[in-house]
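**Q** predicted model, plus sequence, below.
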Amino acid sequence: MSIVDDELIEMAGQGAFERGYDYYRQGYVGDLEICGNRIVALVSGTELYRVELLRDGAGLDGSCDCPASDGIVFCKHCVATALELRDQLTDSALATADSGDDVILKAYLAEQDREALVSYLLQVLPNDPLLYERLQRQAMLATDTLDAKELKRSITQVTPLQDTFDWGKVSAYFRRLEATLKGILEVADQLPADILLKTALHGIMRLNKALERIDDSGGYREHAQAILRELHCRSLKRIEWTPGQRAEHLLEMALADPWDQFEATPLDYAEALGEVGLGAFYTAVETRLAALPAFPKNASFDDRIPYLRLTNYLMIRAREKGDLDEMIRLEKLTATTEIDFENIARLYLKKGDPETAARWLSKADASATYDRSSRQALWASVHVANGDWEAAILAQEAVFQRDASYDDYIDLIKLAGRAKRSEDVRESVINFLSSADQAHSWSDERRAFTLARILKDDQDWAAVQDTTLARISDPDRLLKAARWMAGPAPEEARRVYEKCIDAFIGRKTNRSYRTATDTLLEAKPVFDASSATAFDDCLVRLRETHYRKRNLMAVLDTRIGAA
């Protein structure tokens, strides 16, 4: 049995998958044990949670004792455990056994009487409602008895309108709906277009009504929404309507959409609409926009929505064409906030008009509720366009000091070079990065890492080592710094590698233990360059310091012994 990302996304939802992947990548899965088809692990989060996975020929299932799972839902902790399991399954003995069992079973079934097999299937189908529904749908299609009423009934049956707030129940609700919709999708191309359209519209309506009473803050509905859009798109592509009718229908659906099912309209429907239909869609949008009253100066967010929905469709077309004038016109129609003014300034800069861009940036400054590095970066671009290098440097310095990123530093030095001020600007940057941010450790590490990168460019390896050892504790940053020095400065690299290995071990997970051991093996040439015993000395130190960590000792025994 293979574990693939798409299946995990389907089981947990995109949001839970991404969070689970972050947990897996950061090594939060520990004490993973495989007992036949049962896998147990501990996953650290806000609390320590116990995950149990079960795998068989049908796939993977799991539960967790966290609030989100409540023992039912395949949550982010289950995702992290599944990814960790996949990491450990280098030899798939179980998959081989499953393959052999399948061959034996297939040979046995091939020898059985057809009537006996049918009788047995009818006995077991009630135990699998989804398979029963799927086969029944295929049978009705084959006998020409499958109609819109039956398809709508199957959707209504799995979308009861009830208040649901428990995450486990919400996830189960949408997984049932997805399964039903997938079954309809399998036969979609065999259905008449009008029946398919009625079915898709009914599904969209039921989902919208369900979401009024369900707390789906976890985004479990997204797969069902995607399938409904696909059904709707296929029906529009085949139905015997004019391009104008298709366009008007789609616009009505999109404007009435309360749950972002049609946020990618009309591009999602480009094939169904055709070139003429797309043109008709945009014409319909323009007509509706022109019919709205003048945009109110002090519009609230709710007041802006009808205008923004229509202008967003036209903005999609303008971007596709690269029409800056149209993009500016559309932005101006609803511009009331500092971010709107920045967007307009950015477009004028692209158009090569820094003077007008400056006027819009001044409006943004006047209405600003807080300072934004994005606006300072735009001011820097305006000053560059006007040849005012000193002003450009000041603006770019403000951008750099906010995030202390290496890329912003490079942009700053390029500007300083134009003003022949590279040396003093660089000195100012070094002084800024050398001063610790006492209030925010995360910010100080970022400053220190950017400083180390600048010192690396100077090949000042002793300074890189000192900065790294004194101010950086994140093992991923330490590993990058050690790799910079591995070739040109192995002795400095060795000390950073040692701190990096200790930092990975400090995460106290099986994955981090493996990463620490792999890092030690990677650094062996660096240790050997330092002295003949440096590698062994480090290994002895690790064993003496961490002898109570049995899992770490096991990893060291396995991987270092094999090396």
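**A** Done, it's in. Note that the coordinates shown come from a computational prediction; the quantities given were computed from them, not determined experimentally.

**Q** okay, the closest residue in space to residue 126 that isn't next to it in sequence: pLDDT?
**A** Nearest in space to residue 126, with sequence neighbours left out and distances taken as CB to CB, 6 or more residues apart in numbering, is residue 132 at 6.4 Å. All C-beta spots, glycine's among them, are computed from the backbone N, C-alpha and C. Per-residue pLDDT puts residue 132 at 77.

**Q** could you double-check that residue 132 sits in contact with residue 122?
**A** No. Residue 132 is beyond contact range of residue 122, at 9.4 Å (criterion: CB atoms under 8 Å).

**Q** looking at these two, which one has more neighbours?
**A** residue 132 (15 against 11; other CB atoms under 10 Å).

**Q** next, give phi and psi for the more buried one.
**A** Main-chain dihedrals, residue 132, degrees, to the nearest 10: phi -60, psi -50.

**Q** and what of residue 32?
**A** According to degrees, to the nearest 10, residue 32 has phi -80, psi 130.

**Q** burial measure for the closest residue to it other than its chain neighbours, as a count.
**A** Distances taken as CB to CB, 6+ apart place residue 41 nearest to residue 32, at 4.1 Å, with adjacent residues excluded. By other CB under 10 Å, 27 other residues sit near residue 41.

**Q** cool, the one 10 residues further on as well?
**A** Neighbourhood size, residue 51 [other CB under 10 Å]: 27.

**Q** mind checking the SS state of it?
**A** strand (DSSP: H, G, I helix; E, B strand; the rest coil).

**Q** just the element for residue 62, please.
**A** strand 59-64 (DSSP states H and E).

**Q** meant to ask about residue 145, not that
**A** Counting by DSSP H and E, residue 145 is found in no helix or strand.

**Q** which residues touch it?
**A** Counting by CB atoms under 8 Å, 6 or more residues apart in numbering, residue 145 makes contact with nothing.

**Q** next one: residue 325
**A** residue 351.

**Q** hang on, it in a helix?
**A** Yes. Residue 325: assigned to a helix according to three-state DSSP.

**Q** relative to residue 443, how far out is it?
**A** Per CB to CB, to the nearest Å, residue 325 is found 41 Å from residue 443.

**Q** ok, now residue 135?
**A** 60 Å.

**Q** repeat for residue 119
**A** For residue 119 relative to residue 443 (CB to CB), the value is 71 Å.

**Q** so for the two, which sits in the more crowded spot?
**A** residue 443 (14 against 10).

**Q** and what about the closest residue to the more buried one other than its chain neighbours, helix, strand or coil?
**A** Nearest residue to residue 443, sequence neighbours excluded (CB to CB, 6+ apart): residue 437, at 4.4 Å. Following three-state DSSP, the label given to residue 437 is coil.

**Q** count of residues packed around residue 437?
**A** Neighbours around residue 437, by other CB under 10 Å: 16.

**Q** look up the pLDDT of it for me, please.
**A** For residue 437, pLDDT reads 73.

**Q** ok, now which ones touch it?
**A** For residue 437, the contacting residues are 443-444, 447, by CB under 8 Å, 6+ apart.

**Q** list the buried residues of stretch 270-284.
**A** By neighbour count on 16 or more other CB atoms under 10 Å, the buried set for stretch 270-284 is 272-273, 277-278, 280-282, 284.

**Q** with pLDDT and secondary structure added, can I get those residues in a markdown table?
**A** A markdown table is the format used below for those (pLDDT from 0 to 100; DSSP: H, G, I helix; E, B strand; the rest coil):
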| residue | pLDDT | secondary structure |
| --- | --- | --- |
| 272 | 95 | helix |
| 273 | 96 | helix |
| 277 | 96 | helix |
| 278 | 95 | helix |
| 280 | 97 | helix |
| 281 | 97 | helix |
| 282 | 97 | helix |
| 284 | 97 | helix |
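
**Q** now, which of the residues you listed sits nearest residue 536?
**A** Closest approach to residue 536 among the buried residues of stretch 270-284 (CB to CB): residue 272, at 67.7 Å.

**Q** I figured the closest one hits residue 236, correct?
**A** Yes. If you go by CB under 8 Å, residue 272 and residue 236 touch, sitting 4.2 Å apart.

**Q** kindly tell me how buried residue 259 is, as a neighbour count.
**A** Here the count is done by other CB under 10 Å, and residue 259 has 15 residues near it.

**Q** is it correct that it is in contact with residue 211?
**A** Yes. Look at residue 259 against residue 211 with CB under 8 Å: they come within range, at 5.4 Å.

**Q** what sits against the closest residue to residue 23 other than its chain neighbours?
**A** Of all residues not flanking residue 23 in the chain, residue 80 sits nearest, at 3.9 Å (CB to CB, 6+ apart). For residue 80, the contact set (CB under 8 Å, 6+ apart) comprises 20-21, 23-24, 28-29, 43, 51.

**Q** just checking, which of these belong to helices?
**A** Under the assignment DSSP state H, the contacts of residue 80 contribute 20-21, 23-24 to helices.

**Q** make TSV out of those and add pLDDT and neighbour count.
**A** TSV is the format used below for the ones in helices among the contacts of residue 80 (pLDDT from 0 to 100; neighbours: other CB atoms under 10 Å):
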residue	pLDDT	neighbour count
20	88	26
21	85	17
23	85	21
24	83	24
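
**Q** so which of those residues is the closest to residue 266?
**A** residue 21 (32.1 Å).

**Q** pretty sure that closest one contacts residue 79?
**A** Yes. Counting by CB under 8 Å, residue 21 does reach residue 79; the two are 6.7 Å apart.

**Q** returning to that earlier point: can you check which residues contact both of residue 272 and residue 236?
**A** residue 246.

**Q** ok, back up a step: how far off centre is whatever helix or strand comes next after the strand holding residue 62?
**A** The helix or strand immediately downstream of strand 59-64 is helix 76-88, counting by DSSP H and E. Centre-to-centre, helix 76-88 and its host chain are 17 Å apart (CA atoms, centre = their mean, to the nearest Å).
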